[in-house]
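Asks: can't give you the sequence, but here's the structure:
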Ligand SMILES: [Zn+2]
């Protein structure tokens, strides 16, 4: 707008100098002056309009800035929310993972303890069984020995001298009653089918 004013002034000055001393020129100058006044007024009006537009623009920019800021803040808030939700989810997953791990560890410990208890129980059972077997063996050995001793006591050893008669069915440890007794080995007497005398044995 200032440019227009300058053009007007230059025009009026130019006309003033070129038309000096002429009646018609006087009229022209008056016209030019009026034109300048009109232009100045128009300039003022335009300045007002520009000022008003500038104010509007300023206000608009401010509003836009505020909106952009608000949008940015909202976006940031949303991002924060999403991030927080992700962190919460992650923490929850981690917690669950730890719990599962702990449960597995506990189960493993329990399994090992049960295994150890079972092994101890089996070992004790085996120990008892071995003890019982040893006792049974000892008892059987003692019994066998006792039986052998009894048999040895009941039966005279081979090679022992016994007494027999020519017709009798028994053998004796000595001349048992009347008859013709002769000495013989126990083996010979048994081979003849003789049995021990109930009096002697
Ligand atoms: Zn006899």
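Replies: Ah, there it is. Model, not experiment: these values are computed from the prediction.
Asks: look at residue 171 and tell me its secondary structure.
Replies: Assigned with DSSP: H, G, I helix; E, B strand; the rest coil, residue 171 falls in the strand class.
Asks: then the one 5 residues further on?
Replies: Applying three-state DSSP to residue 176 yields a three-state assignment of coil.
Asks: what mean pLDDT does the host helix or strand of residue 140 get?
Replies: Element membership of residue 140, judged by DSSP states H and E, is helix 23-154. Helix 23-154 comes out with an average pLDDT of 93.
Asks: and the helix or strand following it, what other elements does it pack with?
Replies: Per DSSP H and E, helix 23-154 leads on to strand 161-164 as the next helix or strand towards the C-terminus. In terms of contacts (3 or more CB pairs under 8 Å, 6 or more residues apart in numbering; DSSP states H and E), strand 161-164 is packed against strand 170-171, strand 182-185, helix 186-191. C-betas here are computed from N, CA, C, even on glycine.
Asks: so what touches the longest one?
Replies: Going back to what we said before, that points to helix 186-191. 156-162, 164, 171 (CB atoms under 8 Å, 6 or more residues apart in numbering).
Asks: mind putting these into CSV with neighbour count and distance to residue 101?
Replies: Formatted as CSV, the contacts of helix 186-191 follow (neighbours: other CB atoms under 10 Å; distance: CB to CB, whole Å):
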residue, neighbour count, distance to residue 101
156, 17, 83
157, 7, 80
158, 9, 81
159, 8, 85
160, 13, 86
161, 12, 91
162, 24, 90
164, 21, 95
171, 26, 90
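Asks: reformat these as JSON lines; add distance to the ion.
Replies: Output for the contacts of helix 186-191, formatted as JSON lines (distance: CB to the ion, whole Å):
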{"residue": "156", "distance to the ion": "13"}
{"residue": "157", "distance to the ion": "18"}
{"residue": "158", "distance to the ion": "19"}
{"residue": "159", "distance to the ion": "19"}
{"residue": "160", "distance to the ion": "14"}
{"residue": "161", "distance to the ion": "14"}
{"residue": "162", "distance to the ion": "9"}
{"residue": "164", "distance to the ion": "10"}
{"residue": "171", "distance to the ion": "8"}
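Asks: adding distance to residue 93, write the residues you listed out as CSV.
Replies: Formatted as CSV, those follow (distance: CB to CB, whole Å):
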residue, distance to residue 93
156, 95
157, 92
158, 93
159, 96
160, 97
161, 103
162, 101
164, 106
171, 101
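Asks: farthest-separated two in the residues you listed?
Replies: Spatially, the most separated pair among the contacts of helix 186-191 is 157 and 164, at 17.2 Å (CB to CB).
Asks: how does this structure divide into domains?
Replies: 2-113, 162-201 (automatic domain parsing).
Asks: end to end, how far does stretch 151-159 reach?
Replies: Taking CA to CA, to the nearest Å, stretch 151-159 runs 16 Å from one end to the other.
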